[in-house]
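K.L.:
This is a predicted model, with the sequence first.
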Amino acid sequence: MMNVPSAKNWKTVLAEFFTPIGAEHAKIQRLVRASRLRLFVVFPLFLVTYFSMRISLAHARMPSVSETLLAVWLGLFVVYGIINLVTGWLPDRGKRLALYLSIFIELGTNHIVLYGSGTLLSNSVLNVIIVIAVYRVFFDYYSSIFAAIIGGGLFLVTALCELGGLIPVAPGLPHELMHAFYANPDVGITVVEGVVLEIIIVFLVINFGMNQSLKLHRYITYSVLRRYLPMELVKKAEHGELSLDAPPERMIVTVMFTDIVGFTPLSERMGAQAVGELLNRILSSCSRIAEQYNATIDKYIGDGMMLFFGAPLPMTEAEQAKRCVDLGLRLVKEVPAIEPGMGLNLRVGINTGEVVVGNFGSDVRSDYTIIGPAVNIASRLEALSRPGNVLVSKSTARLLKSDFSLEPAGQLKLKGVSEPVEGFFVTTRPESGGVVFS
């Protein structure tokens, strides 16, 4: 049975023809780059065009009005050059104003050519459509709709004034222009209506297409990549700055492993669906809290998590350790409160050390993760931690200084680690006493 779109869906689709998604302005950096492009590419090309037209006028019997139109044309482009020359030094509001002035001059100079050769006959009207498309694709909705209004408005007003006999037709031509569009006003009006309608349709179609592209871009960026990459890398991907082939880097990070105590027996008493729903609630809550602390969620391991601090968002070693321990203390309180009465507790292990961080895998599938002995130590500390407690290594404890109270856990023999590791339980804030590293 075919699904019929609801009224709400139709309204959404129609809105995407007329309005922008996200209502974002073009980035200031793009405005500055565009001003340089106009200054060093567009402006010289139009100067060449100007001198070419000057040569043509010198060898043809053109009316004096052609000289006037050409002088106005040149004057506008001198202003155009000055505007784009100073854009880089203007405040942000001034840069946006320079963008709109540039659009106005681009369309204004185009309209001089269009009017000089007959508004209803000149193919320069196509340039209006090109300008609308360029500014919607490379800049934003607002500059594009401004171009549509200015370009369409200039065409409409000039064409109607020509048909009404208020201004001369094709004043830039050396002879009087005789054409059915002007001889029969009804035909001329039909042409005007058709051109204006085409400008409107072109804007709506391009706007709809850009909105669909933006929706897909945002879905891939925030609904897909967000699930697999840290937020800092997602932001880079959004701006096209993410390199998945960059070599891994050596750096100091603070690693946390968590595990829910009591979950396995509970899952044996519950059905698979109920277990899955419960686990998703717990991990979702923990993940939201981890993001508040700017943690990088590496992976979910059964009912546990692996997180780290220090990459890709850079932090000092002390800041890493303090944020990580703060997060651990927050999570051991949060998990029992998510499902009260179920007897769930969290245990946490934390270690600070050197790792290699980056994308590991292949060009088919890879993970942004960390590898190194420091990761293994954090994992083993979690296994030896007590339910509802945070166990940290000495390398992390030293970075906490007097911000937390520590309870010695002794020399711990960790599986897969050759030397014993001195551990400390983080109890609370220092007012409760305990070991304090100065």
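P.N.:
Noted; the coordinates are in hand. Keep in mind it's a predicted model, so treat the numbers as computed, not measured.

K.L.:
Distance of the nearest residue to Val261 once chain neighbours are set aside relative to Ser379?
P.N.:
Nearest residue to Val261 in three dimensions, chain neighbours excluded: Pro387, at 4.1 Å (CB to CB, 6 or more residues apart in numbering). The way it works is simple: take the backbone N, C-alpha and C, and place the C-beta from them, glycine included. To Ser379, Pro387 is 17 Å away according to CB to CB, to the nearest Å.

K.L.:
again with Arg269
P.N.:
Distance of Arg269 to Ser379, given as CB to CB: 28 Å.

K.L.:
These two - which one has more neighbours?
P.N.:
Ser379 (21 against 8; other CB atoms under 10 Å).

K.L.:
Next, Asp259: secondary structure please.
P.N.:
Classification of Asp259 using DSSP: H, G, I helix; E, B strand; the rest coil returns strand.

K.L.:
so what's it up against?
P.N.:
Asp259 makes contact with Gly302, Asp303, Gly304, Leu346, Arg347, Glu382, Ala383 under the criterion CB atoms under 8 Å, 6 or more residues apart in numbering.

K.L.:
Who does the third one form a beta bridge with?
P.N.:
I take that to be Gly304. Beta bridges link Gly304 to Ile301 when assigned by DSSP bridges.

K.L.:
I figured it was touching Met256, is that so?
P.N.:
No. If you go by CB atoms under 8 Å, Gly304 and Met256 don't touch, sitting 10.1 Å apart.

K.L.:
Looking at those two, which is more packed in?
P.N.:
Met256 (29 against 20).

K.L.:
Relative to Phe77, how far out is that one?
P.N.:
Relative to Phe77, and taking CB to CB, Met256 is found at 61 Å.

K.L.:
before we move on, the earlier item: reformat the contacts of Asp259 as JSON lines; add pLDDT.
P.N.:
Formatted as JSON lines, those follow (pLDDT from 0 to 100):
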{"residue": "Gly302", "pLDDT": "85"}
{"residue": "Asp303", "pLDDT": "87"}
{"residue": "Gly304", "pLDDT": "90"}
{"residue": "Leu346", "pLDDT": "91"}
{"residue": "Arg347", "pLDDT": "93"}
{"residue": "Glu382", "pLDDT": "93"}
{"residue": "Ala383", "pLDDT": "91"}
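
K.L.:
Could you rank those by neighbour count and give me the top one?
P.N.:
Counting neighbours by other CB under 10 Å, the top entry in these is Leu346, with 28 neighbours.

K.L.:
Name the SS class of that residue, please.
P.N.:
Here Leu346 is recorded as strand under three-state DSSP.

K.L.:
same deal with Pro312?
P.N.:
Relying on three-state DSSP, one would call Pro312 coil.

K.L.:
okay, now it: neighbour count?
P.N.:
Pro312 has 18 neighbours, counted by other CB under 10 Å.

K.L.:
Please apply the same query to the one 5 residues further on.
P.N.:
Look at Glu317: counted by other CB under 10 Å, it has 19 neighbours.

K.L.:
One more: the one 4 residues further on?
P.N.:
Residue crowding around Ala321 was assessed by other CB under 10 Å; the count is 28.

K.L.:
Does it belong to a helix, a strand or coil?
P.N.:
Ala321 is classified as helix under three-state DSSP.

K.L.:
check contacts around it.
P.N.:
With the criterion set at CB under 8 Å, 6+ apart, Ala321 makes contact with Thr254, Phe309, Ile350, Thr352, Val392, Thr396, Leu399, Leu400.

K.L.:
and if you look at Val191?
P.N.:
Counted by CB under 8 Å, 6+ apart, Val191 has contacts Leu120, Ala159, Phe181.

K.L.:
Select from these every entry located in helices.
P.N.:
Counted as lying in helices by DSSP state H, out of those, are Ala159, Phe181.

K.L.:
Make JSON lines from the contacts of Val191 and add neighbour count and pLDDT to it.
P.N.:
Shown next, in JSON lines, are the contacts of Val191 (neighbours: other CB atoms under 10 Å; pLDDT from 0 to 100):
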{"residue": "Leu120", "neighbour count": "23", "pLDDT": "85"}
{"residue": "Ala159", "neighbour count": "26", "pLDDT": "89"}
{"residue": "Phe181", "neighbour count": "21", "pLDDT": "77"}
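
K.L.:
Out of the contacts of Val191, flag the one nearest to Ala34.
P.N.:
Nearest to Ala34 out of these is Ala159 (CB to CB; 30.1 Å).

K.L.:
So which bits of the helix or strand where Asn84 lies are buried?
P.N.:
Per DSSP states H and E, Asn84 falls inside helix 64-86. Neighbour-count burial for helix 64-86, counted by 16 or more other CB atoms under 10 Å, picks out Ser66, Leu69, Leu70, Trp73, Leu74, Leu76, Phe77, Tyr80, Gly81, Ile83, Asn84.

K.L.:
Make CSV from the residues you listed and add pLDDT and distance to Ile145 to it.
P.N.:
CSV is the format used below for these (pLDDT from 0 to 100; distance: CB to CB, whole Å):
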residue, pLDDT, distance to Ile145
Ser66, 70, 33
Leu69, 80, 28
Leu70, 80, 30
Trp73, 82, 25
Leu74, 83, 29
Leu76, 87, 22
Phe77, 85, 24
Tyr80, 90, 21
Gly81, 89, 26
Ile83, 92, 21
Asn84, 91, 22
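
K.L.:
ok, the residues you listed vs Arg30, which is closest?
P.N.:
Asn84 (13.6 Å).
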